[in-house]
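Trainee: The following comprises the amino acid sequence and a computationally predicted model.
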Amino acid sequence: MKRTKLYLFCGKGGVGKTTISSAFSISKALKGNKTLLISTDPAPSLSDLIDTEICNLTFIEIDPQKELENYIENAISFVKSNFNLEVFDKVEAFFRNMGSTPGAEEFALLERLSHLAFETFHNYNVVVIDTAPTGTTLQLLKNSLRAGEWLKELITQRKKAERLKSAAGEVFKEIPLQIENRLERLEKLSDLFISSGTFIPILLAEKLPIAETARLIKELESIGIQIDTLIVNRLLPENPADRFFQKRKHQERLYLEEIRRVFYPRRVITIPMKETDISSVKDLQDIAELLKDL
Ligand SMILES: Nc1ncnc2c1ncn2[C@@H]1O[C@H](COP(=O)(O)OP(=O)(O)OP(=O)(O)O)[C@@H](O)[C@H]1O
Ligand SMILES: [Mg+2]
C-alpha cells in the first residue's frame, strides 16, 4: 500500500489554518486521494460546509476539552475498579485537578491523535491536521516528549515500589504495562510527526508574524522538521483605487519581499483575501486551486 502523506498546518490564531487545511484537503480529495482531515478547532468550523459533499474526503473534528474530560473519566474509572477507597479518593482528586493543568488539553489531544495515527491513518493516502495556534503546536510536540520523560519516571518509581511491596498483587504489574504502552504510542506519534510530517507555516504579510514564523521554523528545525513551503494568507487586491489601501498594499509588498528574503530558499505561496469570510465550498475550491502544487 502507498505510504500515507501527513500534512500539518501551523500558525497563530486566526491566520487561516482551518480554512487552508480544508481547502488543501479538498484539493487532494479532488485529485483522487483518499483524504482525512482532522480539525482540532474548538470553534464551530467548516464542518457543515465540507461535510459529505466531496467524496474521498473524511472529516474528524476533535474537541480538546472533551478529549481531556474523557481521558480523566477513563483514568478515574480505572483507578476506581482497581484500588481501595482510600487510594481512590486521593487519585481522583489528582486527576480532577489535572483538568486545569497547563498543557493538559494538548496531552489529551495527543492521546486521541496517537490512537487515530496508528489505527486509522493507514486507510488514507493523505492525512491533514489542522493544528492549534503556533505556541500550542510547539507545546504539543514538546509535551509528547516531556510526557515521555514524566511517564518514564513514573514507571521507574512504580518498579521501585513493586520491589518494596512484592505482595502488591497483579494490578501493580498492569499499571506499568499500560503506562509503557501509552509512552510507546506517544513516542511513536512524535517520531511520525518528525519523520514524515510536512509542516506548513501560515502567516500574514505583517511585521510581527515574520519574526514569529522565523522562531517557529527554528524550533521545528531544531527537532529535525524541515520547512520547505510557507503560505502567506489574506493578501490585499492588486492596484487598489483607494489611497488608504494603496498605502497598505505598498507596505504589504515590502513585507512580502522580506518574507521571501528571510525564508529563502523556501517556497512562498500567496493567497488573496476574499471579499468576505470563507463561507462556501466554492470559496474553498478557489483557495484549493492555489494549493494544487503543494
Ligand atoms: N483568504 C481569506 N480571505 C478571506 N477570509 C479569510 C481568508 N482566510 C481565512 N479567512 C477568514 O478568517 C477567519 C479565520 O480563519 P481560520 O478559522 O481558518 O483561522 P485559524 O487559523 O484556523 O484560526 P484559529 O487559530 O482560531 O483556529 C475565518 O473567518 C475565515 O473565513
Ligand atoms: Mg482553526
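Mentor: Now that the structure is in, tell me what you want to look at. Ligands and ions are numbered 1, 2, ... in the order given.
Trainee: Out of the helices and strands in this structure, which is least certain?
Mentor: helix 134-164 (a mean of 58; mean pLDDT, DSSP states H and E).
Trainee: Next up, the contacts around the closest residue to I62 other than its chain neighbours.
Mentor: Using CB to CB, 6 or more residues apart in numbering and skipping residues adjacent in sequence, the residue nearest I62 is T40, 5.1 Å away. Just so you know, the C-beta spots here come from the backbone N, C-alpha and C atoms, and that holds for glycine as well. Residues in contact with T40, defined by CB atoms under 8 Å, 6 or more residues apart in numbering, are 62, 64, 109, 129-132.
Trainee: ok, 10 Å please
Mentor: Applying CB atoms under 10 Å, 6 or more residues apart in numbering, one finds that T40 lies in contact with 17-18, 60-64, 67, 105-106, 109, 112-113, 129-132, 136-137, 140.
Trainee: before we move on, what about R266?
Mentor: 201, 217, 226-230, 259-260.
Trainee: Kindly indicate which of these lies nearest L186.
Mentor: Q226 (22.4 Å; CB to CB).
Trainee: wait, isn't that closest one in contact with T198?
Mentor: Yes - between Q226 and T198 there is a contact at 9.0 Å, judged by CB atoms under 10 Å.
Trainee: Could you check which of the two has the larger neighbour count?
Mentor: T198 (16 against 10; other CB atoms under 10 Å).
Trainee: which parts of the stretch 1-150 of the chain sit against ligand 2?
Mentor: Residues of the stretch 1-150 of the chain found near ligand 2 (CB under 5 Å from the ion) are 17-18, 41.
Trainee: For those, could you give me a markdown table that also reports neighbour count?
Mentor: A markdown table is the format used below for those (neighbours: other CB atoms under 10 Å):
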| residue | neighbour count |
| --- | --- |
| K17 | 29 |
| T18 | 21 |
| D41 | 19 |
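Trainee: near ligand 1, from the residues you listed?
Mentor: Restricting these to those touching ligand 1 (CB under 6 Å from any ligand atom) yields 17-18, 41.
Trainee: wait, does stretch 231-243 contact ligand 2?
Mentor: No - Stretch 231-243 lies out of reach of ligand 2 by CB under 5 Å from the ion, never closer than 12.1 Å.
Trainee: so how far is that stretch off the chain centroid?
Mentor: Taking CA atoms, centre = their mean, to the nearest Å, one finds the center of stretch 231-243 at 29 Å from the center of the full chain.
Trainee: Which positions in that stretch come out as buried?
Mentor: 231-236 (16 or more other CB atoms under 10 Å).
Trainee: before we move on, what SS does L37 have?
Mentor: Secondary structure, DSSP: H, G, I helix; E, B strand; the rest coil: L37 is strand.
Trainee: V126 is in contact with that one, correct?
Mentor: Yes - contact between L37 and V126 holds when scored by CB under 10 Å: they sit 9.0 Å apart.
Trainee: which residues are common contacts for those two?
Mentor: Between them, L37 and V126 share the contacting residues 7, 24-25, 28-29, 57, judged by CB under 10 Å, 6+ apart.
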